[in-house]
Structures are given as structure tokens and as C-alpha cells.
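> here you go, sequence then predicted model.
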Amino acid sequence: MKRGIPLALATLLAVVPASAGNVYVVDQECKADLKVLVVDDWYDADLQVYYVDYWYQAYDTDEFWYFVDNWYEADVEVYFVDHWYEADLKTYVTENKYAAGWNKSHPWQGKLH
């Protein structure tokens with residue numbers, strides 16, 4: 001019985017994404033690693049995100065996201081929700097890459113890169 005617990009924990013940790021540079025948007029909530037809400041004001045967000053044009057610009061960061069066309073290219077699969085109570089992470093999309101970053105401490109901080 002005790003051997004099953006470490007195996008289950010290792011399996012769970014293998015599912016948690018190592019980086020979020022490459023993001024794929026899924027069409028069903030159950031397929032997502034992370035449920036994301038985009039908020040209207042930066043101060044309501046956990047993370048200010050800047051969308052980049054090339055995958056290498058998002059490498060090793062939480063705040064720079066590049067959207068890929070195929071799930072197998074993604075570091076994280078996200079599902080966008082409509083209500084704050086459904087979200088694992090609240091984001092604000094900034095047009096200034098220097099404003100991108102975490103607004104407050106969050107359980108996903110450091111796990112998205």
C-alpha cells in the first residue's frame with residue numbers, strides 16, 4: 001500500500017507543466033492543465049501576461065506566452081473560463097512587456113517556466 005503513494009505522487013508531478021512559454025488552448029476544461037481567467041484590470045490579476053510572436057521569446061518565463069497550434073508543442077494547456085470562481089489563475093494581458101510579471105504570490109508562481 002505504501003508503495004502506491006509515491007508512485008501516484010510521481011505521476012501527479014509529471015503532469016504539472018515545467019514551463020508555460022508555449023501555450024495551447026484546449027476546448028474542454030477537463031483537458032486543461034490550468035484554468036485561466038482574463039481580467040479587465042491589471043490590479044485584479046495574479047499575473048500580467050505579455051503575448052510574444054516567437055516561441056524563443058517565451059522561453060523560461062512565467063509572464064511571456066506564445067500560443068502554439070498543436071497540443072504536443074505546448075508546455076502547458078490552458079482553458080479560458082468566464083468567471084473568477086472557476087479560475088486557477090487570473091491574468092491581465094499587457095501591451096507593455098516590461099509590465100509583465102506576477103502581481104502577488106501564487107501557487108503557480110515559478111511553475112510556469
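Good, I have the coordinates.

> now for Q57, how many residues are close by?
15 (other CB atoms under 10 Å). Every C-beta, even on glycine, is put in place using the N, C-alpha and C of the backbone.

> how many neighbours does the nearest residue to it once chain neighbours are set aside have?
Among residues not flanking Q57 along the chain, F64 sits closest, at 5.9 Å (CB to CB, 6 or more residues apart in numbering). By the criterion of other CB under 10 Å, F64 has 20 neighbours.

> for F64, give its distance to D46.
Separation of F64 from D46 (CB to CB, to the nearest Å) stands at 16 Å.

> what's the answer for A58, then?
For A58, the distance to D46 (CB to CB) stands at 18 Å.

> and the two? Which one has more around it.
Using other CB under 10 Å, the more surrounded residue of A58 and D46 is A58, with 26 against 21.

> show me where this structure has helices.
For the chain, applying DSSP state H gives helices covering 4-15.

> got any ranges where the protein has weak pLDDT?
Residue ranges of the chain with pLDDT under 70: 1-20, 112-113.

> and with 90 instead?
Within the chain, the stretches with pLDDT under 90 are 1-22, 58-62, 74-75, 104-113.

> do a quick rundown of the strands in it.
Applying DSSP state E to the chain gives strands spanning 22-25, 34-38, 47-51, 64-67, 76-80, 89-93, 101-102.

> could these be laid out in TSV, adding distance to W108?
Output for the strands of the chain, formatted as TSV (distance: least, CB to CB, whole Å):
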stretch	distance to W108
strand 22-25	13
strand 34-38	7
strand 47-51	8
strand 64-67	13
strand 76-80	10
strand 89-93	6
strand 101-102	9
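
> out of those, nearest to Q109?
Closest to Q109 of these, according to CB to CB: strand 101-102, at 5.5 Å.

> what are the pairing partners of the closest one, and which direction each?
Note on strand 101-102: by DSSP bridges, its sheet partners are strand 47-51 (antiparallel).
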